[in-house]
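> coords please:
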Amino acid sequence: SVRHCVLVLDVQSGNCLMTVGSQGEGQVQFQCPAGVAFNRRGELFVSDVVANRILRFDASGACMGAVHVEGGPQGLAFLATGELVVGRIRCSFLMLKEDGSLLRKIRYHHPPESVAVGEDGYVYSCGLGAGYISKSSPFGINCGVIPR
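Numbers count the residues shown, from 1 in each chain. Take a look at the predicted model:
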């Protein structure tokens, strides 16, 4: 079963390169994987919205550890500076260092379900029931909305 795991695919062929995780509460298991992002070194970060954690895997799929993130971490994206942007169910973003330490918290009007960083360096997100895409600076300054 491919539920509760992350499939890493080759973008050219579509072939599955590896499967990370399985269902459960163990060190390399997920209750509800919700977001994925790769850092500059090719390490995979996976948020688990139910377990309130973000797991980190090396390029071979070995778990390198986990960071507890209260409030239901969902969407993940990396800034060019290496900071991890985490959208949470609790209507906020967190900016974390790769080691999981908090840099800043940014309040949001709706739970940011999906998070992306554009080529312009801005953070784009869409929230549950928001009806629009929000644009913020990497420092958390709201730069407006884009209607859906």
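
> from here on, just use CA atoms for contacts and neighbour counts.
Noted.

> please, where are all the strands along the protein?
All strands of the chain, identified by DSSP state E, fall at 6-9, 16-20, 33-38, 44-48, 53-57, 63-68, 73-78, 84-88, 92-96, 102-107, 112-117, 123-127, 132-136, 142-147.

> save these as CSV, and put in mean neighbour count and distance to Gln27 too.
Formatted as CSV, those follow (neighbours: other Cα atoms under 10 Å; distance: least, Cα to Cα, whole Å):
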stretch, mean neighbour count, distance to Gln27
strand 6-9, 16, 14
strand 16-20, 13, 12
strand 33-38, 21, 13
strand 44-48, 25, 12
strand 53-57, 22, 9
strand 63-68, 16, 8
strand 73-78, 27, 17
strand 84-88, 27, 20
strand 92-96, 21, 21
strand 102-107, 14, 22
strand 112-117, 23, 24
strand 123-127, 23, 29
strand 132-136, 19, 33
strand 142-147, 13, 36
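
> contacting residues for Ala59?
Gly42, Glu43, Leu44 (Cα atoms under 8 Å, 6 or more residues apart in numbering).

> partners of the residue nearest in space to the middle of the chain in the sheet?
Most central in the chain under Cα atoms, centre = their mean is Leu76, positioned 1.7 Å from the mean C-alpha point. For Leu76, the beta-bridge partners are Val86 (DSSP bridges).

> that one contacts Val115, doesn't it?
Yes - with contact defined as Cα atoms under 8 Å, Leu76 counts as touching Val115 (5.8 Å).

> joint contacts of those two?
Common neighbours of Leu76 and Val115 (Cα under 8 Å, 6+ apart) are Val85, Val86, Gly87.

> ok, so of the residues you listed, who is nearest Arg53?
Lowest distance from Arg53 to the shared contacts of Leu76 and Val115 (Cα to Cα) belongs to Val86, with 10.8 Å.
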